[in-house]
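1. okay, structure incoming, though there's no sequence with it:
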Ligand code: HEM
């Protein structure tokens, strides 16, 4: 007889969430580290879930960290985030940008 418990564990991938996976990345690399510049950041705020989610919905978040031609390369004045870190944020957005 199949075990429901076992199949449930096998089919459950850990969900990527803002709180668990994304917040730390943003906090450690974001404009909050240079407040005087943040004021000039065209109203961009990355200090809470809703504002980060908004930047993901309009496409600028991913474009900026991937250094896409149509966006400002971020983090500003720092090297591009490493590939694995960028992928975490891309996966988070693709999975619905959960809190
Ligand atoms: C992972 C880190 C960061 C992310 C995800 C991020 C994200 C963004 C996004 C999505 C924009 C709008 C881009 C556009 O309009 O094309 C932006 C603009 C901006 N950000 Fe960042 N940012 C980060 C780090 C930083 C840091 C460290 C600084 C300052 C040292 C900074 C300063 C600015 C400024 C001044 C703007 C306005 C546009 C410009 O003047 O280049 N950001 N950021």
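-> That came in fine, so what should we check first? Please read all numbers here as calculations on a predicted model, not as lab measurements.

2. which residues does the longest helix that the chain contains contact?
-> Secondary structure of the chain per DSSP state H: the longest helix is helix 83-94. Here helix 83-94 makes contact (CB atoms under 8 Å, 6 or more residues apart in numbering) with 16-18, 21-22, 25, 56, 61-62, 65-66, 80, 98. C-beta: built from backbone N, CA, C; applies to glycine.

3. try it again with 10 Å
-> Residues from elsewhere that reach helix 83-94, judged by CB atoms under 10 Å, 6 or more residues apart in numbering: 15-18, 20-22, 25-26, 28-29, 52-53, 55-57, 59, 61-62, 65-67, 80-81, 97-98.

4. off-centre distance for that helix?
-> 7 Å (CA atoms, centre = their mean, to the nearest Å).

5. near the ligand at all, that helix?
-> No - Helix 83-94 is not in contact with the ligand by CB under 6 Å from any ligand atom; minimum separation 7.8 Å.

6. among the contacts of helix 83-94, which ones are buried?
-> Neighbour counting with 16 or more other CB atoms under 10 Å marks 16, 18, 21-22, 25-26, 29, 52-53, 55-56, 61-62, 65-66, 81, 97 as buried within those.

7. and the ligand, which of the contacts of helix 83-94 contact it?
-> When contact is defined as CB under 6 Å from any ligand atom, the contacts of helix 83-94 meet the ligand at 26, 29, 55, 61, 65.

8. so what's the nearest residue to residue 73 once chain neighbours are set aside up against?
-> Among residues not flanking residue 73 along the chain, residue 67 sits closest, at 4.3 Å (CB to CB, 6 or more residues apart in numbering). By CB under 10 Å, 6+ apart, residue 67 lies in contact with 73-74, 80-81, 86.

9. of these, closest to the ligand?
-> Proximity of those to the ligand (CB to the nearest ligand atom) peaks at residue 74, which lies at 3.4 Å.

10. give me the nearest residue to residue 80, chain neighbours excluded.
-> Nearest non-adjacent residue to residue 80, counting by CB to CB, 6+ apart: residue 67, 6.0 Å away.
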